[in-house]
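J.: Okay, sequence plus prediction incoming.
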Protein chains: 2
Amino acid sequence: MTQATQTQSNTSSFIPTFKSLVSKEGGIEYPLEALHVCEETFSPLEVAYDYDLIRRQVSRETIEAGPNSIWRYRAFLPVATDNYIDLGTGMTPLVKSHRLARRLGLKNLYIKNDAVNMPTLSFKDRVVSVALSRARELGFTTVSCASTGNLANSTAAIAASAGLDCCVFIPADLEAGKILGTLIYNPTLMAVKGNYDQVNRLCCEVGNSYGWGFVNINLRPYYSEGSKTLGFEVAEQLGWKLPDHIVAPLASGSLYTKIYKGFQEFVKVGLVDEKPVRFSGAQAEGCSPIAKAFSENRDFVSPVKPNTIAKSIAIGNPADGVYALEIARKTGGHIESVNDSEIIEGIKLLAETEGIFTETAGGTTIAVLKKLVEAKKIDPEETTVVYITGNGLKTQEAVQGYIGEPLVIDANLDSFERALERSRTLERLEWQQVLV
Amino acid sequence: MTQATQTQSNTSSFIPTFKSLVSKEGGIEYPLEALHVCEETFSPLEVAYDYDLIRRQVSRETIEAGPNSIWRYRAFLPVATDNYIDLGTGMTPLVKSHRLARRLGLKNLYIKNDAVNMPTLSFKDRVVSVALSRARELGFTTVSCASTGNLANSTAAIAASAGLDCCVFIPADLEAGKILGTLIYNPTLMAVKGNYDQVNRLCCEVGNSYGWGFVNINLRPYYSEGSKTLGFEVAEQLGWKLPDHIVAPLASGSLYTKIYKGFQEFVKVGLVDEKPVRFSGAQAEGCSPIAKAFSENRDFVSPVKPNTIAKSIAIGNPADGVYALEIARKTGGHIESVNDSEIIEGIKLLAETEGIFTETAGGTTIAVLKKLVEAKKIDPEETTVVYITGNGLKTQEAVQGYIGEPLVIDANLDSFERALERSRTLERLEWQQVLV
């Protein structure tokens, strides 16, 4: 993007490519409205596209010439207007890892870093940009969501920028940074005494009677398509190639299944060659219904009550859990979980080696990556992409107390030198303990 | 950037364009080493370039074809190696403001949003990327800085990624997010009982005896050049045009003078047409030595003891203060200050209207923008660019208590409806009070 954002010329001759909603099971068609569940099969609705039309309008070159944001992939997104909301969201770095890769013994590790996604520092800005662009098309003036934190930040911020009224729902016990990082945009913020699954149920009831656009309920088919861009970008950033293996966090399972859909769509329209990609997934032990089903070889997911520091992925009754299971199994991936102290170590490991400060969800993903490497479930030669989905400044309390303290000194050379000497002695002692 | 970061091909035939250090007063030449003060004039040293060589190697097209980071402007940066540190820093959004502009009565307002700069969410990632790339060239293995917070975050993160040892110095009373956001990368962190100016003096002493690369002391001539990219990007993002007016925060004054140098260099090599640009500057009343000198029409800056919530710009003895004064005066700009409650209102105003959550420095800049508009010192028709230099998640305590509270409810429709009704009544009452 060389031009200022929000100033894209509105004179494109682009023809929208999305044609209906279709039930994930049974393939029953629905109109392009604010609908999300099939009345006959009760399965979720998904957006269907005219892939011939996409193929005719899109090439690697047209994409590369597009904006430096998710909207370079607009042909794959369910938004008709040229006046979509573009706050620079997406096209986050795909970092070739050197120091973490060496530490883990991997040769081709990449980190997709949505901890610096714009505007609110998580992958949720992708789905919300799409959902609110579509919400405006459908005539909604108030938007809402049920959130574990990042989605609340994103919905409130992007609604503010777009001038939409906003009411968001969160569990009352979220991290301080997530609450303040929502309130600052001045939405109505409902803090529900309960866990995410209770918040979600309440929002379904509210959705039925208030005529609001809930990004992850009645707008979910549009919203969730935004996550495909995490697949598109990785393929483009690898030089129009798919990776061999991806590791992503699992909350509802939506992100994971949409990365898969993104890769498939790129193959379908001829932008990349087909090849097998293994899909591995990460959960926190304190909320790991999908990992449990995976390890017990079940094809259904039993809901659990979340109890983990990884609150942003603490969904006990994951909407897309069974679809995630199916993808992991058919691609030869693995779904693993790690405990809270492994999550903290994961956050620290990524920060120390790559200078990337992620939140608890990212710590979970890094810790699972490490576990999979140790269990020889990742080949050191494989091109592996690990997805970091949120920023550590939002979950500071998770690491407070585990990262050392500053050395407090007086403003003179003597005080500095004594402190430096103490810290070096301490380091030596720690090393000796490691050696003993 | 379509390719993964850190994987730029290392086969370029680019010829470095920086040729010496030169004292800002007297023009005395020095070799390209870790030097920062002229021994004869005591004025700071600056990097000098061969502009003919730049002109021969650079065009709008070569820049546009470069990486989507500050390194597209490498011909203007003092780094020789192709192996520079590129973590996706720079090319942050230039947002065309609609809602804030309307609120202020401006027609052509743009927000340069470094609150989402990579990797550590402030403009400091620009200067540190340049300084540490140069530090490696000069053979340093330990890097350091005197910081008001953002610089500590950035130096620690980028040093971690580059595998350099790191020791950073901060005033002990910084915001929690700035301290934790440094410690997470596992540097040695010295918290000095004193203000920034005392920290800085201590670092000068340490610099003399330890052989470390202090990014903003002995590496300052290289480091500060990174800020020019905030000028380059704005010019490019405006479609290769300079704005009419810029408003930027003033701490040491370095950022402000380097934006000016960036604009001048683009004119000098023919990338943009020459035109007058007014330079306005923002300080916090509790630390406003430059604003005071401006209003009292002095050409020297008297040091002050900082006392403001805007800690990241609380430099009482600003190194480049006189140069900033000079630029403001000769371009017809203004340097203004605002108090702490205006700063908080500035943070909230930007968040509510544009969905951008900035730290106290950004609140200062927005509040000064507002003050200048109200004083008719900004023409509504002017193309005005306001620089937002850091993220609000790092200074949460500044707004805590001023942004309302969540409405805590039970997980049922009834509790939600009562809360919504209460909040709407409250809003109506507030409006009535406004009307009365």
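T.: That came through fine.
J.: which residues does A:Ala146 contact?
T.: A:Ala146 makes contact with A:169, A:196, A:199-200, A:202-203, A:214, A:216-217 under the criterion C-beta atoms under 8 Å, 6 or more residues apart in numbering or on different chains. Heads up, the C-betas are built off the backbone N, CA and C, glycines and all.
J.: Then A:Ser161?
T.: Neighbours of A:Ser161 in contact, by C-beta under 8 Å, 6+ apart: A:85, A:87, A:119, B:99, B:353-356.
J.: Also A:Thr331?
T.: A:Thr331 touches A:260, A:276-279, counting by C-beta under 8 Å, 6+ apart.
J.: Save the contacts of A:Ser161 as a markdown table, and put in secondary structure and pLDDT too.
T.: What follows is the contacts of A:Ser161, written out as a markdown table (DSSP: H, G, I helix; E, B strand; the rest coil; pLDDT from 0 to 100):
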| residue | secondary structure | pLDDT |
| --- | --- | --- |
| A:Ile85 | coil | 97 |
| A:Leu87 | coil | 95 |
| A:Pro119 | coil | 97 |
| B:Arg99 | helix | 97 |
| B:Thr353 | helix | 98 |
| B:Glu354 | helix | 98 |
| B:Gly355 | coil | 97 |
| B:Ile356 | coil | 98 |
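J.: Just confirm yes or no for stretch A:264-277 near chain B.
T.: No: with C-beta under 8 Å from any C-beta of the partner chain as the criterion, chain B is not reached by stretch A:264-277; the gap is at least 12.5 Å.
J.: again but with stretch A:375-385, I slipped
T.: No: judged by C-beta under 8 Å from any C-beta, stretch A:375-385 stays clear of chain B, getting no closer than 9.7 Å.
J.: And that stretch, what's buried?
T.: Neighbour-count burial for stretch A:375-385 flags A:377-378, A:383-385 (criterion: 16 or more other C-beta atoms under 10 Å in any protein chain shown).
J.: Could you write me a ChimeraX select line covering just the buried ones among the contacts of A:Ser161?
T.: Selection of the buried residues among those in ChimeraX, burial being defined by 16+ other C-beta under 10 Å:
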select /A:85,87,119 /B:99,353,354,355,356
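J.: Kindly present the contacts of A:Ser161 as CSV, with separate columns for distance to A:Ala131.
T.: Converted to CSV, those look like this (distance: C-beta to C-beta, whole Å):
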residue, distance to A:Ala131
A:Ile85, 10
A:Leu87, 13
A:Pro119, 15
B:Arg99, 19
B:Thr353, 21
B:Glu354, 19
B:Gly355, 14
B:Ile356, 19
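J.: So A:Ile111 belongs to a strand, correct?
T.: Yes: according to DSSP: H, G, I helix; E, B strand; the rest coil, A:Ile111 belongs to a strand.
J.: pLDDT value on it, please?
T.: A:Ile111 is assigned 98 on the pLDDT scale.
J.: Relative to chain B, how far out is it?
T.: Distance of A:Ile111 to chain B, given as C-beta to the nearest C-beta, to the nearest Å: 9 Å.
J.: so which helix or strand takes in the nearest residue to that residue once chain neighbours are set aside?
T.: Excluding the flanking residues, the one nearest A:Ile111 by C-beta to C-beta, 6 or more residues apart in numbering or on different chains is A:Val95, at 4.5 Å. Assessed by DSSP states H and E, A:Val95 sits inside strand A:94-96.
J.: Can you name the element that comes right after that strand?
T.: Later in the chain than strand A:94-96, the nearest helix or strand by DSSP H and E is helix A:99-104.
J.: what about that following helix and chain B, any contact?
T.: Yes: Helix A:99-104 comes into contact with chain B (C-beta under 8 Å from any C-beta), by way of A:Arg99.
J.: helices and strands around that helix, which ones?
T.: Applying 3 or more C-beta pairs under 8 Å, 6 or more residues apart in numbering or on different chains; DSSP states H and E, one finds that helix A:99-104 makes contact with strand A:108-113, helix A:340-354, helix A:360-374.
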